[in-house]
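Participant: Below are the sequence and a predicted model; questions follow.
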Amino acid sequence: MNQNVLLHRGGVLLCFLLCLILTGVPGGSAPFSTISRSLLAQGTDMETELVTLKGSSPGPSLVVVGGLHGDETSGWEAADQLKHTALIKAGTLYILSPANVYGAKHNVRYTAQNWDLNRLFPGNPEGDPSEQLAAELWELIQREQPVLVVDLHEALPKEKNWDYLGSSIIVTKMDGIEDLVDAILSDTAAGTLCSEPYNFYGPGMPGSINRTVTEKLNIPALTIETFRGDSLERRVGDHLALIHFILNWYGMEEKEVLR
């Protein structure tokens with residue numbers, strides 16, 4: 001056979017294999033995950049990207065939201081890392097991070113319209129950009145009916161007029177996630193998950209995504225609070241450890257993540 005023909009066929013085969021490996025794969029994600037991106041509050045100063053990772057097998061959907069409060073850095077940094085490292089084999093993972101782009105950029109809690117975004121749910125599609133963003137996230141959750149909404153935050157050190165939460169999880173209703181919550185608390189207490197034992201609180205604040213999704217849509221929500229007194233690396237690590245634990249719990253991850 002002509003050598004040029006062999007070289008041509010070899011090149012085509014190599015390109016085909018590379019396409020199989022790389023198509024739909026973000027950063028370090030597994031090749032069986034496909035990725036898509038869309039924008040919420042498009043064209044406004046609250047525009048932010050929604051990343052969707054879909055496994056090759058049927059399964060549940062799960063929503064992760066980081067950075068509703070822009071100055072709670074570990075939440076949106078962990079969610080950003082998750083976009084590139086989640087090994088989704090089944091179901092669909094939705095990641096919105098940072099939800100409050102303005103707050104993350106300026107290291108402030110509030111939005112460009114001076115709203116606390118985590119008190120605005122279910123939002124208002126006809127309102128200002130912050131209210132529109134909350135409404136579009138709400139519509140996504142209502143449409144997709146995830147098994148769980150995970151909301152990533154940071155707890156402040158003890159201060160006047162602020163509840164001290166430390167490293168903790170917050171749940172408004174336990175219906176359907178009792179065993180998951182018990183496993184998280186047991187494993188953190190045993191030292192096999194996260195950097196320290198986690199506490200449990202509830203319900204979520206009025207207008208928060210946690211409380212509103214639970215009470216109005218009957219969809220479980222879990223807020224993770226890392227302690228801002230710890231190093232950023234430790235806080236991000238705890239957030240990621242808990243998210244991967246949850247993904248494994250629902251059979252969505254490719255493999256068991258070492259904890």
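Facilitator: Thanks, I have it.

Participant: C-alpha only now, for contacts and for neighbours.
Facilitator: Noted.

Participant: Let me see the ranges of the strands in the stretch 101-250 of the chain.
Facilitator: Residue ranges of the strands in the stretch 101-250 of the chain, as given by DSSP state E, counting those that start in this stretch, are 148-155, 168-171, 199-201, 221-227.

Participant: Please convert those strands to TSV, extending it with mean pLDDT, mean neighbour count and distance to residue 211.
Facilitator: Formatted as TSV, the entries for the strands of the stretch 101-250 of the chain read as follows, by pLDDT from 0 to 100; neighbours: other Cα atoms under 10 Å; distance: least, Cα to Cα, whole Å:
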stretch	mean pLDDT	mean neighbour count	distance to residue 211
strand 148-155	96	24	11
strand 168-171	97	21	8
strand 199-201	94	15	12
strand 221-227	97	26	8
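
Participant: Out of those strands, flag the one nearest residue 95.
Facilitator: Proximity to residue 95, assessed across those by Cα to Cα, is greatest for strand 148-155 (9.7 Å).

Participant: Tell me the strands beside the closest one, with direction?
Facilitator: Partners of strand 148-155 in the sheet, by DSSP bridges, are strand 57-66 (parallel), strand 221-227 (parallel).

Participant: got the buried residues for whichever helix or strand comes after the longest one?
Facilitator: Spelled out, it's strand 57-66. Per DSSP states H and E, the first helix or strand lying C-terminal to strand 57-66 is helix 73-85. For helix 73-85, the buried set under the neighbour-count rule, 16 or more other Cα atoms under 10 Å, comprises 73-80, 82-83.

Participant: Could you do stretch 177-193 as well?
Facilitator: For stretch 177-193, the neighbour count (16+ other Cα under 10 Å) marks 177, 181, 183-185, 187-189, 193 as buried.

Participant: Kindly reformat those residues as TSV containing distance to residue 121 and pLDDT.
Facilitator: Formatted as TSV, the entries for the buried residues of stretch 177-193 read as follows, by distance: Cα to Cα, whole Å; pLDDT from 0 to 100:
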residue	distance to residue 121	pLDDT
177	22	97
181	24	98
183	29	98
184	27	98
185	28	97
187	32	98
188	30	97
189	33	97
193	31	97
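
Participant: Of those, which belong to helices?
Facilitator: With helices defined by DSSP state H, the entries of the buried residues of stretch 177-193 inside them are 181, 183-185, 187-189.

Participant: Bridged to the most centrally placed residue in the chain, which residues?
Facilitator: Residue closest to the average C-alpha location in the chain (Cα atoms, centre = their mean): residue 64, at 2.2 Å. Residue 64 has the following beta-bridge partners by DSSP bridges: residue 95, residue 150.

Participant: how much space between it and residue 106?
Facilitator: To residue 106, residue 64 is 22 Å away according to Cα to Cα, to the nearest Å.

Participant: related to what we said a few turns ago, nearest to residue 217 among the buried residues of stretch 177-193?
Facilitator: Distance to residue 217, by Cα to Cα, is smallest for residue 177 among these, at 15.2 Å.

Participant: residues in contact with residue 196?
Facilitator: Residues in contact with residue 196 (Cα atoms under 8 Å, 6 or more residues apart in numbering) are 167, 188-189.
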